[in-house]
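1. Kindly generate the corresponding structure for this input.
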Amino acid sequence: MTFEFENTGRHRDCHGAQSIRKEILERQANEKKAEHKKLELMKNIKEQQTRLLHYTKQLQQQQTELDNIRSETHKWELKREELRSTAEREELQHAQIKVRIRSIYQIIAPYWRESVDIEDPFKQLQLVNNEKYFWHP
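-> A predicted model of the protein is given here:
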């Protein structure tokens, strides 16, 4: 009987050792999986950082381009305003010249041999500059 107990004890010890060995192997396999997963995650993080860096650089380039476009737009808006101002000034000068010609025309019109349309400053100016249209008493 003692032999049977000894066999049973050895059997239990063997079974226990196998169980412990199995647990150790499972733990090692789990650790390898965890390490592999960790490496995958680190690789993924690195890829995301690289992508983020790329997009950040691209955004900075586009921001610089936008700033340049805004600067150029501002320059052209100033030029447009200058041209508009010049056009308004020239239009005002043209209107003033037209009024002066009409005033001269009205002063000397009674001495002309022919009359000119009151709204035709170009013809009025031609007549003022040409003495042959004046009456000479």
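
2. Tell me how many other residues crowd Gln124.
-> 22 (other Cβ atoms under 10 Å). Quick note: C-beta positions are derived from backbone N, CA and C, even for glycine.

3. do the same with the one 3 residues further on
-> For Leu127, the tally of surrounding residues (other Cβ under 10 Å) stands at 22.

4. Surely it is in a helix?
-> Yes. Counting by DSSP: H, G, I helix; E, B strand; the rest coil, Leu127 falls inside a helix.

5. Pick out the residue closest to the middle of the protein.
-> Central residue of the chain (Cα atoms, centre = their mean): Leu66, 3.7 Å from the mean position.

6. and Glu119, which of the three is it?
-> Glu119 - assigned by three-state DSSP - is coil.

7. With Val116 instead?
-> Val116 - assigned by three-state DSSP - is coil.

8. Not counting sequence-adjacent ones, nearest residue to it?
-> Lys123 (4.7 Å; Cβ to Cβ, 6 or more residues apart in numbering).

9. how many neighbours does that neighbour have?
-> With other Cβ under 10 Å as criterion, Lys123 counts 14.

10. Pull up the gap between the residue nearest to the centre of the chain and Leu59, please.
-> Distance of Leu66 to Leu59, given as Cβ to Cβ, to the nearest Å: 10 Å.

11. Check which helix or strand the residue nearest to Val116 maps to.
-> If you go by DSSP states H and E, Lys123 is part of helix 121-129.

12. go on, Arg100?
-> Assigned by DSSP H and E, Arg100 falls in helix 2-108.

13. same for that helix, what does it pack against?
-> Contacts defined by 3 or more Cβ pairs under 8 Å, 6 or more residues apart in numbering; DSSP states H and E place helix 2-108 against helix 121-129.

14. got the angle for the helix it packs on vs helix 2-108?
-> Orientation of helix 121-129 against helix 2-108 (axes from the mean of the first three to the mean of the last three Cα atoms, to 10 degrees) gives an angle of 40 degrees.

15. Where does pLDDT dip in the chain?
-> 1-13, 112-114, 131-137 (pLDDT under 70).
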